[in-house]
Structure formats: C-alpha cells, structure tokens
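> predicted coordinates and the sequence they were generated for:
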Amino acid sequence: MKHVSFFFSIILLSLWGCNEDRWLKEVPLDFYSPVNSYSTEADFNAAIATLYVNVRTTLYDVNTLHGRAMHYPTDLAWSTIAPTHDLNLYSEKLFPTSPEVQSVWTGLYQIIFNANAVIGRIDDETIKFASETARDNLKAEAYFFRAFAFRGLAILYGGVPIVLEEITAPKRDFVRASRDEVWQQAAQDLLVATQNLPEITAVREEGRISKAVAFHFLAEVYISLAQWDNAIEAASAVIDNANFSLMTERFGVKKDEPGDVYGDLFKRNNQNRSSGNLESLWVDQFEYMQAGGGVSSRLAWAVNPFYIQLKDPQEVNLFIGPTTTYGGRPIGWLSGTDYMSHQIWGSDFDSDMRNSGFNIIRDIKADNPQSAYYGQYIVASGAIDKFPNTYNRWWSMIYAKLTPFGSDYPLEFVINPATGLVNNQATSSYTDSYIVRLAETYLLRAEAYIGKGDGVNAANDINTVRARANASPASAAEMSIDYILDERARELHWEELRVITLMRVGKMVERVRTYNSLVGHGIDDHQNLWPIPFREIETNTEAILEQNPGYN
C-alpha cells in the first residue's frame, strides 16, 4: 500500500525508575516481540500493513505456491504443461500432504494470528493514538482481516478451529467448529468492521479498505449462511453508496486512444480513485521502482500464451521475441477452456465489450521479417494450423486486462524501442490490481436474489453489469446460480479467484466435469472441499482434528 512502511518502526526506550520490580521485569529491547512491538499508533499501523501483505502473498501472488493454487484448473482453464501437471488430475494430486493444502492453511491462520495480536493489544489505554477514531479504524481493519481469513478457511476446508485470541504458547488441542459456525464468526467480525471502518473518502491512503469492502464480504458471508435478506441489505449498502459507481464512460490516461471503458479499467495505473475510477472497492497497491513498493501481479506471465516459441510451417520463428505489442514475455502456464474461449459469450460473441478485440486478443500478427507469414495474423493465415500440442498450448487468446501493452510498458524492460522488443524479465503487470470491484457486488446481490427466489431483481442487477458491456439483457427466467457463474466468468475472468468462487457455491466438481474436457475425468465427488492438512492433524495430539470425508 502506498506510503505505509511494512516494517515496525524503531521504538524509543523510556527511562525506568528505580522500582526494583519494574527493573527486574524482563522486556526485550534489542529485538522485536509482541511485548515491545505494539507501543505506538505507528506500530499498529505497521502491523495492519503486514496484514495487507499477508492477504496478497497467501491468495493473490502467483509467485507463491498458495497464490498459484487459487488459479488451478477449473471450468475456465487447464494447465498446458502436461495432462498430469499440478491439479489437472485432482484425484491424484490433492491430498492432506499436498504442499498447497498446507501453505494456504498456514497463510490464512497467519492472518488470524496477526489480527488477534492487534485486537488483543490495541485497547491498551497507555498507548496513545491521534484520536479514538484512529484507534477504532485500525481495530476494525484487524477484525476485517480476521473475518477474511475465516471466510477463506470455511470455503476451502469447511469447518475449522475458531481462534479468537493471540496464542502465546504451544497448543495441541484444536477442535473443528462447524462450517456454519465459522461463517457466523466471520459475519460477527465483519459487522464490527462495517461499524468502525471509514468511508472511502476518509481512508488513510489508497489501498486501505473502507466500510464498503466489509459490506461486500458481509454480503458474501450472508449468502453462504442462506440469509438472503441480510445479504441483499449488505450488498445494497455498497451499491447505494454515492461514492461508488460502475464506470460507463472512457477514463484514465488512455481514454482518447482506441479502446473501450471495460479495457480502461485495466490500463496501467487506472485502478485507483485518483485515476477517476469510482468502481474499485479494494485495490492491491504496487509502487513501481520504489523501495518497499510491493510485488505486481505476474498472472499474465502464467496465463498469456508463450507466443515467442511459435514457428511457421517452414520452422522459422514467427516472432522476433517478446514485445510490448503482445504484453511482454509470458509463459502460458494456463490456457482457457473452450467454455471460457467460446461458450460463455454465446450470441453476444461479437457485441459483448468484455470479449472485444481490445480486451481478448485471439489472433496476432507475425513480426519476424524472416518468416513468410510476416505481417499476417497467425491463426487466420494458417501459420500455426499444425502446431503440435494437443493440450491447446497455442493459447487461444491474450488477456489484455492482465498486462501493459505498447507505451504502457516500463522503458527499463525495452531493448529496442523501434520494434518493442523487451527482455525476458518483462513478466509482470507493473501496476495495482483489483481485489474487489463494484461489478462483483452487483453479482453478489443478484446471487442473493436468486437464493430468495426473486429472478426479476436478480436479472436487474445482472443487466446493470451487462448493459455497461453492451451485452444483451438476461431474462428473469434465465436466473440461476449457473448463470451467475457464467456472468462472473465474463466479467471477472482472471480477477476473481475462481477456485474460491466455485468451492464457495459447492460447484467445483460439477463445473470442472462439465466444462473442462482435460481435467473433468480426474476430480472426485468429495473434492468440493480441500482436505485438512495432515501436519495439523498429526501435531494436534491432545484432541482429534477430524479429516474431511474422502481424504482418509
């Protein structure tokens, strides 16, 4: 996040009197510990900043094992490397001993541990804050992050231990609460957050969460509890907030160039409110070329096609190398399924803005003068008709929302400005990235209306999102959870964590089997939940931590 140090500031040591009891009390002063790390408002602010980093590294950073796991093959994509790579075969890869299972669990409980440390210490009256509002805001952030972690645990693992206090000694008697109890705890924490977080206009800096973010996730939690009216009310608190609106007109630094408003949402440095973007609710911050500026998304590196390896039928390279024209140097780790590439667009294939040639690039021009196909589109010309990879490793599309193009590319990576050739380190977005935008809140409220049996209002919310994209309106009769998932794929592809979404609604197994022809046969009935990590069960020697069905 901008302008926030991610390291605890140095604590000034106070003078001690000659009281022997105080003098003999051991307080570590030459290293950081919970005893001396929470002494000032700056310390708590730094601790909260760490929670933002915890969220990124646990779920949103594809450089980490746990971040990659959130994008494993679903209905949208499969791994291109081999049919048995990673979780292309869930039944053979997803076990209690799988490293992904442990690392995500550990990351989410680290968030809870860090949040509990703040919650348990911030009300100390000897600690001075600029105001009680400042104290309440920081505490509300901690409650939000604890709820966010419980929400993730409930989705992925079902019922888990509920830990509400800082753990200061070894503990080996954890027991699982029910999934509903975990959801209820998340709802309680989010309610606290909604009461004490600031409005978006009063946050300390860009990237900090506001009330709207807490209400958004509260709506999601209420949906998971089948509390439809509460979910609608929580989502409405965001949608009806005059500080937010869907972007329907071109904006940002590239608004006068060819493109559309959906594409503007993802242009470099267009994510924050300072760019005029009123749709963003929570944006993960990245400060390019600044110490402590964070890590920008490398999702484009994982998803966009490895086009530079393509050769024409005469075995001549079609491309001179990675260029700014096609988003730098990706590797094509994941490829879209036919469902993502074609089926979800239906009759709106040519009219839906989200599928426009500005946003999903399905054919690209060869730029190597040595090739007979120079200057021609490689798909339309037939240059890659016989590309020998049965797993669709010619990636059928480049997602422009994932990476900078052309003049958006940082010059430090450009080898030849005339051709746009970049070096092999050009693999990131170099900009901020969305965690939540308002369009998703509309889709959450539509989901709650469907749960309530109100197809008319569900369609109204979905059509608000579709109208911005110039997509034809949906009817009340079409409303279902599967329609919601289709619309989320159209609007939120590669933004939402699709694994999280499908597991939250209990559709992971069904949708993978239906829409993923490579992976569908390799997922078992019980894999709408992940297993409890074996290490947690093994070390919990003073109580039974039960395993999820199907993983014993």
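Structure's in. What do you need?

> distance of the residue nearest to Pro322 when sequence neighbours are not counted relative to Pro410?
By the measure of CB to CB, 6 or more residues apart in numbering, the closest residue to Pro322 outside its immediate chain neighbours is Arg329, 3.5 Å from it. Where you see a C-beta, it was placed from the backbone N, CA and C, and this is true even at glycine. Arg329 sits 13 Å away from Pro410, going by CB to CB, to the nearest Å.

> now Ser275
Taking CB to CB, one finds Ser275 at 18 Å from Pro410.

> who has more neighbours, those two?
Neighbours of Ser275 and Pro410, each counted by other CB atoms under 10 Å, are more numerous for Ser275; the result is 20 against 17.

> can you pull the contacts of that one?
By CB atoms under 8 Å, 6 or more residues apart in numbering, the contact list for Ser275 reads 251-253, 269.

> ok, Arg151 next?
183, 186, 217, 220-221.

> what of Glu546?
Glu546 touches 176, 532, counting by CB under 8 Å, 6+ apart.

> model confidence for it, exactly?
pLDDT for Glu546: 96.

> which SSE is it in?
Element membership for Glu546, per DSSP states H and E: none, as it lies in no helix or strand.

> any idea how far Phe129 is from it?
In terms of CB to CB, Glu546 sits 43 Å off from Phe129.

> quick one: Leu153 from Ala177, how far?
For Leu153, the distance to Ala177 - CB to CB - is 10 Å.

> out of these two, which sits in the more crowded spot?
Leu153 (24 against 18).

> who's in contact with that one?
With the criterion set at CB under 8 Å, 6+ apart, Leu153 makes contact with 105, 108-109, 160, 182.

> if you rank those residues by neighbours, which is first?
Neighbour counts for the contacts of Leu153 peak at Val160, which has 27 neighbours (criterion: other CB under 10 Å).

> excluding its backbone neighbours, what's nearest that one?
That would be Leu153: by CB to CB, 6+ apart, it lies 4.5 Å from Val160.

> and the host helix or strand of the one you found, average pLDDT?
Assigned by DSSP H and E, Leu153 belongs to helix 132-157. Computed over helix 132-157, the mean pLDDT rounds to 98.

> one more: stretch 365-380?
Here the average pLDDT along stretch 365-380 is 95.

> chain center to it, what's the gap?
Its chain's C-alpha centre and that of stretch 365-380 lie 36 Å apart, by CA atoms, centre = their mean, to the nearest Å.

> what comes up buried for that stretch?
Residues of stretch 365-380 classed as buried: 365-368, 371, 373, 376, 378 (neighbour count, 16 or more other CB atoms under 10 Å).

> go on, stretch 160-176?
160-163, 166, 174, 176.

> dump these to a markdown table, plus secondary structure, pLDDT and distance to Gly357.
Formatted as a markdown table, the buried residues of stretch 160-176 follow (DSSP: H, G, I helix; E, B strand; the rest coil; pLDDT from 0 to 100; distance: CB to CB, whole Å):
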| residue | secondary structure | pLDDT | distance to Gly357 |
| --- | --- | --- | --- |
| Val160 | coil | 98 | 45 |
| Pro161 | coil | 98 | 50 |
| Ile162 | coil | 98 | 49 |
| Val163 | coil | 97 | 49 |
| Glu166 | coil | 92 | 53 |
| Phe174 | coil | 96 | 52 |
| Arg176 | coil | 98 | 50 |
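
> which two of those residues have the greatest separation?
Glu166 and Arg176 (20.6 Å; CB to CB).

> now do the SS call for Ala169.
Secondary structure assignment for Ala169 (DSSP: H, G, I helix; E, B strand; the rest coil): coil.

> pLDDT wise, what is Gln309 at?
86.

> please apply the same query to Leu246.
The model's pLDDT for Leu246 equals 98.

> point out where the stretch 351-500 of the chain drops to low pLDDT.
Applying pLDDT under 70 to the stretch 351-500 of the chain picks out residues 386-396.

> what residues are shared contacts of Arg329 and Pro410?
Joint contacts of Arg329 and Pro410 (CB under 8 Å, 6+ apart) do not exist.

> can you give me the helices for the stretch 51-200 of the chain?
65-69, 90-93, 99-121, 132-157, 179-196 (DSSP state H, counting those that start in this stretch).

> tell me how the protein divides into domains.
1-244+279-285+435-552, 299-431 (automatic domain parsing).

> so where do the strands sit in this protein?
77-79, 280-284, 334-336, 360-361, 398-399, 414-416, 421-422, 433-437 (DSSP state E).

> same list, those, but as JSON lines with distance to Phe44 and mean neighbour count please.
Formatted as JSON lines, those follow (distance: least, CB to CB, whole Å; neighbours: other CB atoms under 10 Å):
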{"stretch": "strand 77-79", "distance to Phe44": "40", "mean neighbour count": "25"}
{"stretch": "strand 280-284", "distance to Phe44": "20", "mean neighbour count": "22"}
{"stretch": "strand 334-336", "distance to Phe44": "39", "mean neighbour count": "25"}
{"stretch": "strand 360-361", "distance to Phe44": "44", "mean neighbour count": "20"}
{"stretch": "strand 398-399", "distance to Phe44": "39", "mean neighbour count": "22"}
{"stretch": "strand 414-416", "distance to Phe44": "42", "mean neighbour count": "15"}
{"stretch": "strand 421-422", "distance to Phe44": "41", "mean neighbour count": "22"}
{"stretch": "strand 433-437", "distance to Phe44": "22", "mean neighbour count": "23"}
